[in-house]
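Participant: here is my input, please return the structure:
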Amino acid sequence: MARYAEKLHIVPLLAPAATTTAVKSYAASLKNANWLSFLVTWGAMTSDDNNMVITVDATTNVGATTTNDTSIPFVYRLSGAVGTDDNWGDPTTCAATGLSVVGTNDNMALLIDVDPASVQALDSDATGVRVSITGVDNATNYAVGVVGLIEDRYPQAEHISAST
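Facilitator: You can find the predicted model right below:
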């Protein structure tokens with residue numbers, strides 16, 4: 001029998017895809033979340049000279065709509081590169097301006113932690129949180145994906161929607 005995590009709601013928020021423009025993930029709802037983490041992964045970047053900036057945005061639009069977003073601070077851990085190092089860096093606080101990931105950091109992952117209570121304290125109108133990736137230009141191709149890891153307020157086998 002397979003074990004499925006009933007205490008952790010796993011939600012794909014941005015399908016892994018190559019992009020040459022800025023992208024935003026779907027927003028995860030704060031409504032039933034005790035805690036929210038994002039796992040951001042990316043492949044090889046086509047240029048070591050460029051970088052991408054990853055921010056976490058509080059929003060009043062849960063789902064795909066990306067208006068009314070406000071960047072907020074977050075805590076993150078950066079992985080080693082795939083196949084070279086299975087050690088995660090220390091938890092680090094990032095300002096609302098975001099984390100700059102340089103082009104030499106190919107094939108890595110970023111684990112972002114967000115406390116829903118602190119989001120509400122920063123933006124009392126916020127109903128969701130999303131990941132934004134900017135700093136992307138036509139010369140640099142990024143293959144990036146985002147997965148939401150939500151600790152539900154009411155754990156159960158059939159999770160309450162993370163998008164409403």
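Participant: just checking, what packs against the helix or strand where residue 10 lies?
Facilitator: Assigned by DSSP states H and E, residue 10 belongs to strand 9-19. Strand 9-19 sits against strand 128-134, strand 142-152, with contacts defined as 3 or more CB pairs under 8 Å, 6 or more residues apart in numbering; DSSP states H and E. In short, each C-beta sits where N, CA and C put it, glycine included.
Participant: swap in 10 Å and give it another go.
Facilitator: strand 23-24, strand 28-29, strand 33-42, strand 128-134, strand 142-152 (3 or more CB pairs under 10 Å, 6 or more residues apart in numbering; DSSP states H and E).
Participant: quickly run through the sheet partners of that strand, with directions.
Facilitator: According to DSSP bridges, strand 9-19 forms sheet pairs with strand 142-152 (antiparallel).
Participant: buried ones in the strand it pairs with?
Facilitator: For strand 142-152, the neighbour count (16 or more other CB atoms under 10 Å) marks 142-150, 152 as buried.
Participant: next up, phi/psi of residue 122, please.
Facilitator: phi -80, psi -40 (degrees, to the nearest 10).
Participant: which stretches of the protein have low pLDDT?
Facilitator: 1-6, 46-50, 63-66, 136-142, 155-164 (pLDDT under 70).
Participant: ok, back up a step: residue 9: which of the buried residues of strand 142-152 is nearest?
Facilitator: Comparing the buried residues of strand 142-152 against residue 9 with CB to CB places residue 150 closest, at 4.0 Å.
Participant: mind checking how far that closest one is from residue 88?
Facilitator: Computed with CB to CB, to the nearest Å, the distance linking residue 150 and residue 88 is 20 Å.
Participant: ditto for residue 69
Facilitator: 27 Å.
Participant: looking at these two, which has the bigger crowd around it?
Facilitator: Neighbour comparison, residue 69 and residue 88: the larger count goes to residue 69, with 22 against 14 (by other CB atoms under 10 Å).
Participant: specify the beta-bridge partners of that one.
Facilitator: Beta-bridge partners, per DSSP bridges, of residue 69: residue 59.
Participant: over to residue 113?
Facilitator: Bridge pairing for residue 113 (DSSP bridges) gives the partners residue 37, residue 75.
Participant: wouldn't it be in contact with residue 33 here?
Facilitator: No: look at residue 113 against residue 33 with CB atoms under 10 Å: they stay out of range, at 11.9 Å.
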